[in-house]
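> Test case, fold it:
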Amino acid sequence: MENTWQYQGQEPLKIKRFFSQLGMGHRLFNDIKNGDGQLLVDHRVVRPTTKILPHQTLTITVQPELADESVEISHEPLTVVYEDDNWLVINKPSGVASIPGPHESNGTVLNRAKGYLIDHHDENHRPHLITRLDKYTSGLLLVAKHRVASSMISQQVEQHTMDKRYLALVSGQVEPAHGMIDQPIQRVAGQAARIIGQNGQSAKTEYWVVESNADYSLVKLRLHSGRTHQIRVHMQSLGHPLVGDHLYGGPLELADHQVLHASELSFFDPFTQQQFHFTAPLTATEQQLLERVGLTIK
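The predicted structure is shown next:
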């Protein structure tokens, strides 16, 4: 497997620095440097210490990834919003887990993505989930089709520069109409639920009220960090838990799980050097629920 870029800079640049600017993680570069792949400049094999010149092409080659035998294969369907040689953008339905767990070894997005790559005769059979969603959260999820893509986007994940936005139906009338929730989130031993706590990890969630009435609000949210249950914990902290969220005290009359949808996903593609932006509308069930409570989304 190979990937190629053209260097657009004006001055000679070390290959390692070039890949760092693109976002590649240190681990993959070190693997290639230690023999698990090759570096080519203008189709000639070079050493990792080589400097690349303006307008030269740089290619990395690595062996395709074999399947992880510990991950079962599922041929259940995936709703693919976008696909190229490097990425799968999935619209995940509510009720499907992102990765296998103690009580669910198959049927997750990871199992299905593995089956999808095999069914489509991709040379790589080990998908990498870049973003994950709770089982009952629907919407957009990003999968890297190989380890080079996973490495190239690692900095965006670590630095929280990917733009991930959600729609949530919450209880009550949220005021003010826009705000930033900046509250640390911490685990509680032996419990699934997280809490706001000064000993927790820093977490920031920005929100905008889309529509509201006396009983419910439809809120758009942007994550500025990536903590477990972040939106659910933060909205509870405002006194507006998500509808259906039994874990955080949300009303259960309308739904038996949280009404949360990953509606927008933006990231910088290190291969095409372009900004990608994807959207996914609410599911039919979620739209019907909004109508029941007297809210609409334009």
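
> and residue 62, what does it touch?
By CB atoms under 8 Å, 6 or more residues apart in numbering, the contact list for residue 62 reads 1, 2, 31, 32, 36, 37, 147, 148. No exception for glycine: its C-beta is placed from N, CA and C like everyone else's.

> try it again with 7 Å
The neighbours of residue 62, taking CB atoms under 7 Å, 6 or more residues apart in numbering as the test, are 1, 32, 36, 37, 148.

> where does it land on pLDDT?
For residue 62, the pLDDT comes out at 90.

> How about residue 73?
On the pLDDT scale, residue 73 gets 96.

> Can you give me the neighbour number for it?
Other residues near residue 73 come to 16 when the count uses other CB atoms under 10 Å.

> Surely it is in contact with residue 112?
No. At 8.9 Å, residue 73 and residue 112 do not qualify as touching, with contact defined as CB atoms under 7 Å.

> Buried by neighbour count, from the contacts of residue 62: which ones?
1, 32, 37, 148 (16 or more other CB atoms under 10 Å).

> quick one: which of the residues you listed sit in strands?
Nothing among the buried ones among the contacts of residue 62 maps onto strands, per DSSP state E.

> Kindly reformat those residues as TSV containing distance to residue 191 and pLDDT.
Converted to TSV, the buried ones among the contacts of residue 62 look like this (distance: CB to CB, whole Å; pLDDT from 0 to 100):
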residue	distance to residue 191	pLDDT
1	43	85
32	43	85
37	44	87
148	38	93
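
> what comes into contact with stretch 109-126?
1, 64-68, 71-76, 78, 88, 90, 92, 96, 98-100, 127, 129, 141, 143, 145-146.

> In ChimeraX, how would I select the buried members of those residues?
To isolate the buried members of the contacts of stretch 109-126 in ChimeraX, using 16+ other CB under 10 Å:
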select :1,65,71,73,74,78,88,90,92,96,98,100,127,129,141,143,145,146
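
> export the contacts of residue 62 to a markdown table and tack on distance to residue 13?
As requested, those are exported to a markdown table (distance: CB to CB, whole Å):
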| residue | distance to residue 13 |
| --- | --- |
| 1 | 24 |
| 32 | 17 |
| 36 | 23 |
| 37 | 20 |
| 148 | 20 |
